[in-house]
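Q: Let's see this in three dimensions:
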Amino acid sequence: MRFYSEAVTAVGAYACVQNFYKFKSDLGIGLTVFGEYNKQRYLFGIRVELFFSGAFRGDKRRKIEN
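A: Sure thing, here's the model as predicted:
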């Protein structure tokens with residue numbers, strides 16, 4: 001694995017395609033395929049992502065009586 005510390009100054013292109021599957025409203029898994037190309041170097045990869053959300057507050061079907 002090589003790491004570069006110099007800045008990339010060439011004009012290039014970046015593309016990304018994502019697909020997510022949600023098990024429930026707050027849990028999911030996804031796959032991302034990405035690529036970047038310019039005159040100095042290129043980069044392609046695949047990334048697996050997990051989706052967790054704390055925004056889901058449960059079923060709203062039951063009316064809460066005060």
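
Q: could you measure residue 17 against residue 61, distance?
A: Separation of residue 17 from residue 61 (CB to CB, to the nearest Å): 37 Å. All C-beta atoms are positioned from the backbone trio N, CA, C, and that covers glycine.

Q: So for the two, which residue has more residues nearby?
A: Set residue 17 next to residue 61 and count neighbours by other CB atoms under 10 Å: residue 17 wins out with 9 against 5.

Q: my read: the more buried one touches residue 30, true?
A: No. Assessed by CB atoms under 8 Å, residue 17 is found out of contact with residue 30, at 10.7 Å.

Q: in what helix or strand does the residue nearest to residue 19 when sequence neighbours are not counted lie?
A: Leaving aside its sequence neighbours, residue 19 sits nearest to residue 31 (CB to CB, 6 or more residues apart in numbering; 5.5 Å). Following DSSP states H and E, one finds residue 31 within strand 27-38.

Q: OK, contacts around residue 18?
A: Residues in contact with residue 18 (CB atoms under 8 Å, 6 or more residues apart in numbering) are 30, 31, 32.

Q: Nice, that's everything, thank you.
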